[in-house]
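J.: below: sequence and its predicted model.
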Amino acid sequence: MKTIVIGIMPQDKIRERIYAIARGKYKPKPSEPKIWFTSMKSLSEVLSDDNRALLKVIRETQPESISSLAEMTGRKPGNLSRTLKTMSNYGIVEMKREKNHVRPIAKGTDFCIVTA
């Protein structure tokens, strides 16, 4: 499992960076973060101790569905689904749709945090 590089930068700087990339004035290096947060506080909410433990359970057990993951972790499916959706929006978890269920896949469990 690869290490996910996460950057922390103020919102206005993130916006400037995105516009520079879109205009072709800046080409990000492969080693640069692809996931950005505006503060350490917002990062800590997404990567809380509970959520990092959840990622570890996903990696180790490879659950077939959100409901089976809910049973394993003792979390309510609705709460778990919201958490996974948030993590999916940041690219930390992939939600793979299969037949009549959604299977969560952890993209990484190790993180490198970079401030810019």
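T.: Received the coordinates, thanks.
J.: poorly predicted segments of the chain, please.
T.: Within the chain, the ranges that satisfy pLDDT under 70 run 1.
J.: list the contacts of residue 28.
T.: By CB atoms under 8 Å, 6 or more residues apart in numbering, the contact set of residue 28 is residue 21. Glycine gets a C-beta too; all of them are placed from N, C-alpha and C.
J.: surely it is in a helix?
T.: No. Assessed with DSSP: H, G, I helix; E, B strand; the rest coil, residue 28 is coil; it does not lie in a helix.
J.: quote the end-to-end distance of stretch 26-44.
T.: 29 Å (CA to CA, to the nearest Å).
J.: hang on, I meant stretch 71-78
T.: 12 Å.
J.: contacts for it next, please.
T.: Contacts of stretch 71-78 (CB under 8 Å, 6+ apart): 54, 57, 61, 63, 66-67, 69-70, 80, 83.
J.: most widely separated two among these?
T.: The span of the contacts of stretch 71-78, defined through CB to CB, is set by 61 and 83 at 16.3 Å.
J.: quick check: the most centrally placed residue in the chain vs residue 111, distance?
T.: The centre of the chain sits closest to residue 92, judged by CA atoms, centre = their mean, with a distance of 2.3 Å. As judged by CB to CB, to the nearest Å, residue 92 and residue 111 stand 9 Å apart.
J.: what's the overlap in contacts for the two?
T.: 4, 47.
J.: next up, the contacts around residue 61.
T.: Residue 61 neighbours (CB under 8 Å, 6+ apart): 69, 72.
J.: can you start the count at 9 instead of 1 from here on
T.: From this message on, residue numbering opens at 9, which makes the last subject residue 69.
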